[in-house]
Structure formats: C-alpha cells, structure tokens
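Visitor: Any chance you can model this:
(chains A and B)
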Amino acid sequence: EAGVAQSPRYKIIEKRQSVAFWCNPISGHATLYWYQQILGQGPKLLIQFQNNGVVDDSQLPKDRFSAERLKGVDSTLKIQPAKLEDSAVYLCASSPLLYDGGFYGYTFGSGTRLTVV
Amino acid sequence: KQEVTQIPAALSVPEGENLVLNCSFTDSAIYNLQWFRQDPGKGLTSLLLIQSSQREQTSGRLNASLDKSSGRSTLYIAASQPGDSATYLCAVFGSNDYKLSFGAGTTVTVRA
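Guide: Just a heads-up that it's a prediction; the model follows:
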C-alpha cells in the first residue's frame, strides 16, 4: 500500500510570513495526526482528526496555527504568521481508526522541514 | 500526563557490538509501545510494535521487550552495523487518552 504522503519536503520562510503543509494519509485510514518535532525532541501532537472532525487540538497554538481535513481524506496545516520558534519538522501520521491505533500503530510520512529565518 | 524517557540520549559503539536502548514511561495504562527509527531530517519508520499483552517482539536483528507493570521497554540491536546509525524513538499509545506519547530519542552512532 502507498504510504503517507507529505509536501513540501523542505520550506524556508521569513518570520511573519505564512506557510502551508499538505498530507495525504493511507487510503482508508480514518484517523490523521499532525506532529511538530523540534530538533532534539520527540514529536509533539498538534491536532488529531477522525474522518473530517477534530478529536483533539489542545496543543495547537490556535492564534497562528490552523488545520483542516477536507472530506475526511487530505489535510492541510497552516501557520500564519510564522515565528522563529516554529522551525521544526512537521510530521503527518495516519491509522485505521482512533481506537485501532492500539493494534496497527501509526504510519508516518517523511515530514516537512520548516526553517523560519 | 504520560511521560516517556529514553536513556541514554546518545550512544556511540564500534561495529559489531550489541546495542541496548532503554525507554521508561510513567503511566502503565497503555495499549501498545512502538519503536521507531528516524534518519536525520527524515520521517519516522516503525521498527517494532508490542501490544500491552505481549512481553517481546522480534524482527531480524531487533528485539524489543516490554514490562508494562514497571513501565519499561528495551530495544536490543544485535551485531550493530554503520547503517544502524540513526535516532531511535519509543512511543506509547495510552488506553486512557488514546494518544501516542514520544520520548526524546536515543541517537546511535556505529563506528566502522
């Protein structure tokens, strides 16, 4: 099966600019996650979707970050305006169902490396 | 809140030596534990998934154990090779919050 697709792979922007990331999960996976991984740290969950509904966005900085999952398939994560501390790798992952994450685990994409200068 | 700790943060060994990576977690209410590999600037590749009812999982040179009651897991990599150089992350999927919580990783360097 095809994996989780993410684009772009790399992005360099100036602070206060906006940026968007795209994710296409594994076909049929109902649950989609966006993680932020700052250099030297483990990934931190930003937002979790089940189909096209938000399950958890408690760690999403909503004053600058937004995310949507159109028709329960693809998802976009946007940052506007970006800050220097947003420099990180943004990872998208999917799993068959929220509760099935316990059996099948998560599949991660290759990530988008964002550098804010 | 689940806290996941990985020790050591970095490890350097000569080729051929066995690797032992440790992971501990504070809340034993988990569905499973997953070990991932991450190459620099890349995404995560799943290595092993251990269900909470299991004690260990094996894949090739990799073996992972799980002691849920004590909140510990160990990843063993036998006969290390330079290609094993990467960061290894452990993550637990909580049965209370249905979230995957990560450790900060152990960065491994295998010297030829």
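Visitor: so what's the backbone phi/psi at A:Glu14?
Guide: phi -90, psi 150 (degrees, to the nearest 10).
Visitor: so what's it closest to, chain neighbours aside?
Guide: What sits nearest to A:Glu14 in space, not counting adjacent residues and going by Cβ to Cβ, 6 or more residues apart in numbering or on different chains, is A:Val117, at 5.8 Å. In short, each C-beta sits where N, CA and C put it, glycine included.
Visitor: State the pLDDT value of that neighbour.
Guide: For A:Val117, the pLDDT comes out at 97.
Visitor: Lowest average confidence across helices and strands of chain A, where is it?
Guide: Using mean pLDDT, DSSP states H and E, the weakest-scoring helix or strand in chain A turns out to be helix A:101-104, at a mean of 64.
Visitor: A:Lys71 belongs to a helix?
Guide: Yes: the assignment for A:Lys71 is a helix, going by DSSP: H, G, I helix; E, B strand; the rest coil.
Visitor: Distance of the residue nearest in space to the middle of chain A relative to chain B?
Guide: In chain A, the C-alpha nearest the mean C-alpha coordinate belongs to A:Trp34, at 2.6 Å (Cα atoms, centre = their mean). To chain B, A:Trp34 is 12 Å away according to Cβ to the nearest Cβ, to the nearest Å.
Visitor: With adjacent residues omitted, what lies nearest to that residue?
Guide: Per Cβ to Cβ, 6+ apart, closest to A:Trp34 is A:Leu46, 4.5 Å.
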